[in-house]
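Trainee: Structure for this input, please:
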Amino acid sequence: MTSRKNSSNKKAGSDLGISYQIELLGLFALEALQVDDWEMTTEQENVGKFDDMVLRIGKEYYLMQAKYKTDNKLIRADFFRADSKNADFGIRSYFNSFVKIKNDFEIARVFICTNIDLGTGKEIFCEEPIIQENQEIPSRIIFSKIAKSYRLFDTSNIYDLKDSEKLQAKEFCKKFRFIYMNGSELDKAIENSIRNLNEEWGVGFSKENFIANMRDWFHMKNQMPLIKAYVKAFLYNCQSKKYFQNLDSYGVLFDEPLPVVDYEILNVVCEQHQLLSIFEIHDTIRATYGAESTLYLKQDSNAELVREVIDAFLWHKFMILFVNVSGLTKSKAKEILKLIHVITTKYKYKKAVVLSKITLVEEDDYHKVLQEKICFGDLKNEFKKYLLRKEIFFQGKKNHS
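Mentor: Now for the predicted structure:
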């Protein structure tokens, strides 16, 4: 794993700056969902000043420095400062970093992302279209939501440039960008990205929950590189919690837990009246794992969405997956089982409960089939008493004490 700086020390006293950086990371991660082969890290040690985001897409790298300031405007002199105390926007320092790292990475872009517009610095930069026809697909994707992008006019704006550096300076000018995006524009861009995902996937993701998960990832002591499956996990975690809380609200309790911890995959088979089986599975999972370690998926999901959620199950915090495949064809459900099997075999601490109308697995030491037919006697005594007080009809008959 790539070594990482201590972000808690580096960013102490800059809560707004941290929040700005995390939201930028969230935006670029959401946009990167449109491609498959990518990973993101932050506070990486070997990238010089561009350590706030290291995004690899395929073989190419996008390296970012995030700068959050309370000042309203930049002045032209800010870009020519060489002293470390006031050189947050000093072009020379970014050029020096670029020269040191350019042979270690196949760099597509290096850029500053900030909440302050250029001000009088516009004399040394020119604005460019966000999306350019000749851009490669990854660049068109990840920069599609930003507010303004500027590039240097020419190498003359790099302070104290030596003749021996001019070739490298041309390369730097080609790849360096100054990106302006204030807080409200950033919030709006994230909300738009999530709205588009909700429309595309037919779900109800939440920006607040997504950013909370991004924040947890950012502050992880041994941070894992962020990949597509983990971003999906952040999004589906919100949906899962809502479903978990909805089932919780019914308060249905059962006498005996299901053997979910004893098998990699527990196939619960129930041809009809599945709601009671769902409550029973939920009661066991709630008592054994709790909401934070659980990933739920409802029955009314198509096969593609189920695959997306199973990708999300790779995230290390999820220990148990509950998925209802009753609405899928047998062949589709079998495909889903194979995907789950790959994960539970590789990560032994992960378990899965699959609810279906037909048997999908063959029993062995790691897989169990449970044929369900729930009776009144399976419920906990306290819940039985509650039902009797309410005079609730159970399987067509009124129960009397």
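Trainee: all contacts plus neighbour counts: C-alpha atoms, from now on.
Mentor: Will do.
Trainee: So Asp255 sits against Leu379, correct?
Mentor: Yes. Counting by CA atoms under 8 Å, Leu379 is a contact partner of Asp255 at 5.2 Å.
Trainee: Tell me which residues are up against the strand or helix carrying Phe210.
Mentor: Assigned by DSSP states H and E, Phe210 belongs to helix 207-218. Residues outside helix 207-218 that contact it (CA atoms under 8 Å, 6 or more residues apart in numbering) are 22-23, 25-26, 42, 190-191, 194, 223-224, 234-235, 238.
Trainee: Equivalent analysis for stretch 332-350, please.
Mentor: So stretch 332-350 is contacted by 264-265, 303, 306-307, 310, 314, 318-321, 325, 351-352, 360 (CA under 8 Å, 6+ apart).
Trainee: Show me those residues that map onto strands.
Mentor: Using DSSP state E, the members of the contacts of stretch 332-350 that fall in strands are 265, 320-321, 351-352.
Trainee: Those into TSV, with extra columns for pLDDT, neighbour count and distance to Glu127?
Mentor: Written out in TSV, the entries for the ones in strands among the contacts of stretch 332-350 read as follows (pLDDT from 0 to 100; neighbours: other CA atoms under 10 Å; distance: CA to CA, whole Å):
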residue	pLDDT	neighbour count	distance to Glu127
Ile265	97	27	55
Ile320	97	27	49
Leu321	96	24	48
Lys351	97	25	52
Ala352	97	26	52
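Trainee: mind listing what Glu258 touches?
Mentor: One thing to correct before we go on: residue 258 is Leu, not Glu. 280-281, 284.
Trainee: Ignore what I typed, I meant Leu55.
Mentor: Going by CA under 8 Å, 6+ apart, Leu55 touches 38-41, 61-63.
Trainee: Quick one: buried ones out of these?
Mentor: For these, a burial check counting by 16 or more other CA atoms under 10 Å picks out 38-41, 61-63.
Trainee: any chance of the contacts of Leu55 in CSV, with secondary structure and pLDDT too?
Mentor: Converted to CSV, these look like this (DSSP: H, G, I helix; E, B strand; the rest coil; pLDDT from 0 to 100):
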residue, secondary structure, pLDDT
Trp38, strand, 95
Glu39, strand, 95
Met40, strand, 96
Thr41, strand, 96
Tyr61, strand, 95
Tyr62, strand, 95
Leu63, strand, 96
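Trainee: Could you check the helix holding Phe210 and say which residues are buried?
Mentor: Applying a neighbour-count criterion of 16+ other CA under 10 Å, the buried positions in helix 207-218 are 207, 209-211, 213-215, 217-218.
Trainee: which SSE is Ile194 in?
Mentor: Taking DSSP H and E as the criterion, Ile194 maps to helix 183-201.
Trainee: what does that helix rub up against?
Mentor: For helix 183-201, the surrounding residues in contact (CA under 8 Å, 6+ apart) are 20, 23-24, 26-27, 30-31, 115, 145-147, 203-207, 305.
Trainee: Filter those residues down to the buried ones.
Mentor: Among the contacts of helix 183-201, those classed as buried by 16+ other CA under 10 Å are 20, 23-24, 26-27, 30-31, 115, 145-146, 204-207.
Trainee: Rank the residues you listed by pLDDT and give me only the lowest.
Mentor: By pLDDT, Gly204 ranks lowest within the buried ones among the contacts of helix 183-201, coming in at 82.
Trainee: residues touching that residue, list them.
Mentor: So Gly204 contacts 198, 239 (CA under 8 Å, 6+ apart).
Trainee: How much space separates it from Lys73?
Mentor: 38 Å (CA to CA, to the nearest Å).
Trainee: How about stretch 218-230, which residues are buried there?
Mentor: Buried residues in stretch 218-230, defined by neighbour count with 16+ other CA under 10 Å: 218, 223-230.
Trainee: Make TSV out of those residues and add secondary structure and pLDDT.
Mentor: Shown next, in TSV, are the buried residues of stretch 218-230 (three-state DSSP; pLDDT from 0 to 100):
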residue	secondary structure	pLDDT
Phe218	helix	95
Gln223	coil	84
Met224	coil	89
Pro225	coil	93
Leu226	strand	95
Ile227	strand	94
Lys228	helix	92
Ala229	helix	91
Tyr230	helix	92
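Trainee: From Thr114, how far off is Lys148?
Mentor: Here the distance between Lys148 and Thr114 works out to 10 Å (CA to CA).
Trainee: if you count what's nearby, which of the two comes out ahead?
Mentor: Thr114 (23 against 16; other CA atoms under 10 Å).
Trainee: ok, the more buried one to Phe153 distance?
Mentor: For Thr114, the distance to Phe153 equals 19 Å [CA to CA].
Trainee: Am I right that Val252 is in a helix?
Mentor: No. Counting by DSSP: H, G, I helix; E, B strand; the rest coil, Val252 is not part of a helix but coil.
Trainee: Let me know the pLDDT of it.
Mentor: pLDDT, Val252: 91.
Trainee: Show me the contacts of helix 183-201 that map onto helices.
Mentor: 20, 23-24, 26-27, 30-31, 207, 305 (DSSP state H).
Trainee: Restrict stretch 362-381 to CA atoms and write it as CSV.
Mentor: What follows is stretch 362-381, C-alpha atoms only, in CSV (Å, rounded to 0.1, in the frame of the first residue of the first chain):
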residue,chain,number,x,y,z
GLU,A,362,-26.5,-27.5,-2.6
GLU,A,363,-25.9,-28.1,1.1
ASP,A,364,-22.4,-28.7,2.3
ASP,A,365,-20.2,-27.4,5.2
TYR,A,366,-20.5,-23.8,3.9
HIS,A,367,-24.0,-23.6,2.5
LYS,A,368,-27.3,-24.3,4.2
VAL,A,369,-30.8,-24.5,2.8
LEU,A,370,-33.6,-23.6,5.2
GLN,A,371,-37.2,-24.5,4.1
GLU,A,372,-39.4,-21.9,5.8
LYS,A,373,-42.9,-22.3,7.1
ILE,A,374,-43.3,-19.8,9.9
CYS,A,375,-46.0,-20.6,12.6
PHE,A,376,-47.4,-18.5,15.4
GLY,A,377,-45.3,-20.5,17.9
ASP,A,378,-42.0,-19.3,16.2
LEU,A,379,-42.6,-15.8,17.5
LYS,A,380,-41.3,-14.5,20.8
ASN,A,381,-43.7,-14.7,23.7
